[in-house]
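Okay, predicted coordinates and the sequence, questions at the end:
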Amino acid sequence: MSEDLFATIRARAAEVARRAIFVRIDAPALARLAESLAVDPPAPPTWDAQTHYQGTPRALVAYVVTLDAINFGSGWFPKLAKRDGRSGYFTIAMGLRDHFTAEGPWNAEQLAGLSPLDLARVTGQTLEDPDVAELMSLFAAALNDLGMLLARRHGGSFASLVEAAEGRAAKLVLLLAEMPLFRDVSVYADFEVPFYKRAQITAADLSLAFGGAGFGRFEDLRELTIFADNLVPHVLRREGVLHYRQGLGDRIDRGEALAHGSPEEVEIRACGLHAVEQIVATLRARGHDATAQGIDSFLWHRGQRADMKAHPRHRARCPYY
């Protein structure tokens, strides 16, 4: 399955987009966005050493895998205590960076024993708010799973986990998907729709952190899709590329949460993924070396702008984004 994993993700997202009821891709707006990217191509994504950990290769691979094991929670982020001027993601990434800098990586046994209180301390939270406590419980469960997987299958070694992928991002995705909270697959109508957001971004982050060499070398990295979350579709909506049926748009604008796995939520993620695939195809046809990962990074960082943050994005409480 690893050989055609990314093709399957693309095909299933395209089928959702074809059948979609609540979300529509606006072809002229998509063409305008693609044209703007052709005229002013985005810079390639980089590893932000200011907000992320830097260390020895084995400590760095541990940081990346540990971070992406808890790289979710956007449905809870409005409740988090944030670092000054930082989003929920950067609050978590920087908290983990500080822990690694002070104490080094957790080993497999430590990961398997982490509690919600441990994660609250690392990320600068308290457990007084039941919503925050819920997220910290999920973080702890994700890292418990990681510790048990490392001990059971990879000799307790992060390096061995990554090496077991044999330089293929698709294989790493499936290795990580052995853990339930990495198994990012929804059901739409009568078929499964795999997204594997966090598993894919683990391969991408390893590549960025290691400059495409060593633990970051993946021969199929260009085949990654976008990392389907709630921010990239939000930016596409603000750019006019995605249109939501009025009732859905109104709910999002009011800040109402969507149910994970609902048709509306699956359509938003899948149509965002398919729209970026169309942008990539347009750019490649014009001779640009475009990838879904590169467009995702550009749109995600655009989503950090104040004009984007001024409007609500969809929220769904799940461990996948």
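Sure thing, it's come through. Numbering: from 1, shown residues only.

Look up the pLDDT of Met1 for me, please.
Reading off the confidence values, Met1 has pLDDT 59.

where does the protein have low pLDDT?
1-3 (pLDDT under 70).

got the residue ranges for the strands in it?
23-25, 185-188, 191-194, 242-244 (DSSP state E).

So which of these is nearest Ala7?
Relative to Ala7, the nearest member of the strands of the chain by CB to CB is strand 191-194, separated by 11.0 Å. For the C-beta atoms, the positions are set from N, CA and C on the backbone; glycine is no exception.

Mind listing the strands that closest one pairs with, and their directions?
According to DSSP bridges, strand 191-194 forms sheet pairs with strand 185-188 (antiparallel).

Show me the contact partners of the partner strand.
16, 19, 192-196, 260-261, 263, 265-267, 269-270 (CB atoms under 8 Å, 6 or more residues apart in numbering).

so which pair among the residues you listed is furthest apart in space?
Arg19 and Tyr196 (20.9 Å).

more neighbours, these two?
Tyr196 (26 against 13; other CB atoms under 10 Å).

Verify the stated contact: that one with Ile9.
Yes - between Tyr196 and Ile9 there is a contact at 6.9 Å, judged by CB atoms under 8 Å.

Arg18 versus the residue lying closest to Ala204 once chain neighbours are set aside, what's the distance?
Residue nearest to Ala204 in three dimensions, not counting chain neighbours: Gln293, with 5.5 Å by CB to CB, 6 or more residues apart in numbering. Distance of Gln293 to Arg18, computed by CB to CB, to the nearest Å: 24 Å.

quick one, which of these two is more surrounded?
Taking other CB under 10 Å, Gln293 and Arg18 do not tie; Gln293 has more neighbours (25 against 10).

Enumerate every residue touching that one.
Contacts of Gln293 were listed using CB under 8 Å, 6+ apart, and they are 45, 204, 221-222, 224, 226.

Any quick ChimeraX command for the buried ones out of these?
In ChimeraX syntax, the buried subset of these is picked out as below (16 or more other CB atoms under 10 Å):
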select :45,204,221,224,226
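
got the contacts of Gln293 as a markdown table, with distance to Pro57 columns?
Converted to a markdown table, these look like this (distance: CB to CB, whole Å):
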| residue | distance to Pro57 |
| --- | --- |
| Pro45 | 20 |
| Ala204 | 18 |
| Leu221 | 18 |
| Arg222 | 23 |
| Leu224 | 22 |
| Ile226 | 28 |
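
In contact with the nearest residue to Trp47 once chain neighbours are set aside, which residues?
Spatially, and ignoring its direct neighbours in sequence, Trp47 is nearest to Leu208 (4.1 Å; CB to CB, 6+ apart). Leu208 is in contact with 45-47, 216, counting by CB under 8 Å, 6+ apart.

Surely Pro42 touches Asp296?
No - look at Pro42 against Asp296 with CB under 8 Å: they stay out of range, at 10.1 Å.

These two: which is more packed in?
Asp296 (26 against 15).

Please report how far the more buried one lies from Glu192.
In terms of CB to CB, Asp296 sits 22 Å off from Glu192.

ditto for Gly147
From Gly147 to Glu192 the distance is 28 Å (CB to CB).

So those two - more neighbours on which side?
Taking neighbours as other CB under 10 Å, Gly147 and Glu192 compare with Gly147 leading, 22 against 10.

residues in contact with that one?
By CB under 8 Å, 6+ apart, the neighbours of Gly147 are 106-114.

If we use 6 Å, what do you get?
Contact analysis of Gly147 by CB atoms under 6 Å, 6 or more residues apart in numbering lists 108, 111-112.

and of the residues you listed, the nearest to Glu277?
For the contacts of Gly147, the nearest to Glu277 is Leu111 (35.2 Å; CB to CB).

so who does the closest one touch?
By CB under 6 Å, 6+ apart, Leu111 lies in contact with 143, 146-147.

just to revisit the earlier point, mind checking which of the contacts of strand 185-188 land in helices?
Counting by DSSP state H, these place 16, 19, 263, 265-267, 269-270 in helices.

So the closest residue to Thr282 other than its chain neighbours versus Glu134, what's the distance?
Counting by CB to CB, 6+ apart, Ala34 is the residue found nearest to Thr282 once chain neighbours are left out, at 4.2 Å. Separation of Ala34 from Glu134 (CB to CB) stands at 40 Å.
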